[in-house]
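[1] need a 3D model of the following:
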Amino acid sequence: MTGRKKQAPVKSAAIWAPVNADEADTAIAEIGELQRRRTIIETDLNEALAALKTVAEKEAAPVNARLKELTEGVHAFCAANRDALTDDGATKTHKFGNGEVSWRMRPPKVSIRDNAIVIASIKALRLAGEFLRIKEEIDKEAMLKNPELALTIPRVSIGSAGEDFVIKPFSTELEEVSRANGYMVGIGVALQDCQKSCSRR
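    Model prediction:
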């Protein structure tokens, strides 16, 4: 019986790194340029999607209008002939040659006009056990404010989530973040920030 072959260890890709401060500064400048290119790509994508949406909506408009007209027309006919179509209410479905229609009750729903007043009324009527529910959750913000007391609780630990390395080129004011467990696309690359940076170019 032959043993299993050992798999060769996977080699991690070599990470490029500048060898001096000048190379690091040049890399930061390139990061800024790449951020601007990424912003242009994202902007072009959003514009293309907006144009496609406009075209699709224009094409769908007459289709939706005809669907609405046919649906309302069939509804009007069936409402006027409901007794005949449902055998005087014995059924809520009628089958035609090409499909069926049915009358379906919507599920009941509760409407509350003023939460505070309703809650007070429920308590006054001693119906809290029936109609009020209390959600219990751990207040982590309070634990951060009082870590010594929080650490007396079993299975609670407080520590940093780690350290981020942040690069922010002056040319874009956008951040690229590098973490110990891998690269993360920059914080602050939300569309509004991208648009802000574009306006400064």
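[2] hey, what's Ser178 bridged with?
    Beta-bridge partners recorded for Ser178 (DSSP bridges): Phe165, Tyr183.
[3] look up how far Ile31 lies from it.
    If you measure Ser178 against Ile31 using C-beta to C-beta, to the nearest Å, the figure is 11 Å. To be clear about C-beta, it is placed using only N, CA and C from the backbone, and glycine gets the same treatment.
[4] which neighbours do the two share?
    Residues touching both Ser178 and Ile31 by C-beta atoms under 8 Å, 6 or more residues apart in numbering: Ile167.
[5] strands of this protein, start to end?
    93-95, 100-102, 165-167, 176-179, 182-184 (DSSP state E).
[6] for this protein, which spans come out with low pLDDT?
    Along the chain, segments meeting pLDDT under 70 span 1-13, 180-201.
[7] walk me through the domains of it.
    Domain ranges of the chain: 22-109+160-199, 110-159, per automatic domain parsing.
[8] could you dump the ones you listed to TSV with mean neighbour count and distance to Ala14?
    Shown next, in TSV, are the domains of the chain (neighbours: other C-beta atoms under 10 Å; distance: least, C-beta to C-beta, whole Å):
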stretch	mean neighbour count	distance to Ala14
domain 22-109+160-199	12	15
domain 110-159	9	31
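[9] can you list those in JSON lines and add distance to Ile15?
    Compiled in JSON lines, the domains of the chain are given as follows (distance: least, C-beta to C-beta, whole Å):
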{"stretch": "domain 22-109+160-199", "distance to Ile15": "10"}
{"stretch": "domain 110-159", "distance to Ile15": "27"}
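[10] so which of the strands of the chain gets nearest Pro62?
    strand 100-102 (24.0 Å; C-beta to C-beta).
[11] give me the sheet partners of the closest one and which way each runs.
    Looking at strand 100-102 with DSSP bridges, its partner strands are strand 93-95 (antiparallel).
[12] distance from the chain centre to the strand it pairs with, please.
    40 Å (C-alpha atoms, centre = their mean, to the nearest Å).
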